[in-house]
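**Student:** Below is the sequence, then the predicted model.
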Amino acid sequence: MITFAFDVTGKCICSVNKAVEASFFSDAAYVVQMPVNTDVNSVWYDVENGRVGFKKPLQVTVSTNRVSGLPAGSKVAVDGELLDVEGESIEFEVDYPQLLKVVVFNLKHLDTVVEVPCEVQG
């Protein structure tokens, strides 16, 4: 068994490769034991339904200076910065034409890396 500890949002904050009592995870809102072959990066805790959920691949649309089709609550990492996404898309402003490597994070989806072609706007 693997023991997973989740925070109040459902994000996995710890995993241990054996059965451990919930009382050992003082910062955890939810503690669940899963089969040994469960990947820590593939699970989240569905607070509304009281069960573990498995992350799904994320399908986004990439266009010049923009990533769209992002689910609510997404964050992106670009150039060492972690940004909250407002709405379903994010646009990038650049000082010179470049290809940005963007990592998209979302609780219910697998982390996704995309390359965004960017041009100077205006």
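**Tutor:** Received, thanks.

**Student:** what's the distance between the helix or strand that contains Ala77 and the middle of its chain?
**Tutor:** Here Ala77 sits within strand 75-78, counting by DSSP states H and E. Counting by Cα atoms, centre = their mean, to the nearest Å, strand 75-78 is centred 10 Å from the centre of its parent chain.

**Student:** And it, what's buried?
**Tutor:** Val76, Val78 (16 or more other Cβ atoms under 10 Å). Backbone N, C-alpha and C define where each C-beta goes, glycine included.

**Student:** what's the closest non-adjacent residue to Arg51?
**Tutor:** Nearest residue to Arg51, sequence neighbours excluded (Cβ to Cβ, 6 or more residues apart in numbering): Tyr45, at 7.7 Å.

**Student:** That neighbour belongs to a helix, doesn't it?
**Tutor:** No. Assessed with DSSP: H, G, I helix; E, B strand; the rest coil, Tyr45 is strand; it does not lie in a helix.

**Student:** Who is it paired with across the strands?
**Tutor:** Using DSSP bridges, the beta-bridge partners of Tyr45 come out as Val52.

**Student:** how many other residues sit next to it?
**Tutor:** 25 (other Cβ atoms under 10 Å).

**Student:** Also Gly73?
**Tutor:** With other Cβ under 10 Å as criterion, Gly73 counts 13.

**Student:** can you list the domains in the chain?
**Tutor:** If you go by automatic domain parsing, the domain ranges for the chain are 2-54, 61-118.

**Student:** can I get the ones you listed in TSV with mean pLDDT?
**Tutor:** Shown next, in TSV, are the domains of the chain (pLDDT from 0 to 100):
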stretch	mean pLDDT
domain 2-54	94
domain 61-118	96
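
**Student:** ok so, going back, my guess is the residue nearest to Arg51 contacts Phe54, does it?
**Tutor:** No. With contacts counted by Cβ atoms under 8 Å, Tyr45 stays clear of Phe54, the gap being 11.2 Å.

**Student:** that older thread, C-alpha coordinates for the helix or strand following the strand holding Ala77, CSV please?
**Tutor:** Using DSSP H and E, the helix or strand that follows strand 75-78 towards the C-terminus is strand 81-84. C-alpha atoms of strand 81-84 as CSV (Å, rounded to 0.1, in the frame of the first residue of the first chain):
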residue,chain,number,x,y,z
GLU,A,81,7.8,32.7,-12.8
LEU,A,82,4.6,31.0,-11.6
LEU,A,83,1.5,32.8,-12.8
ASP,A,84,-2.2,32.4,-12.0
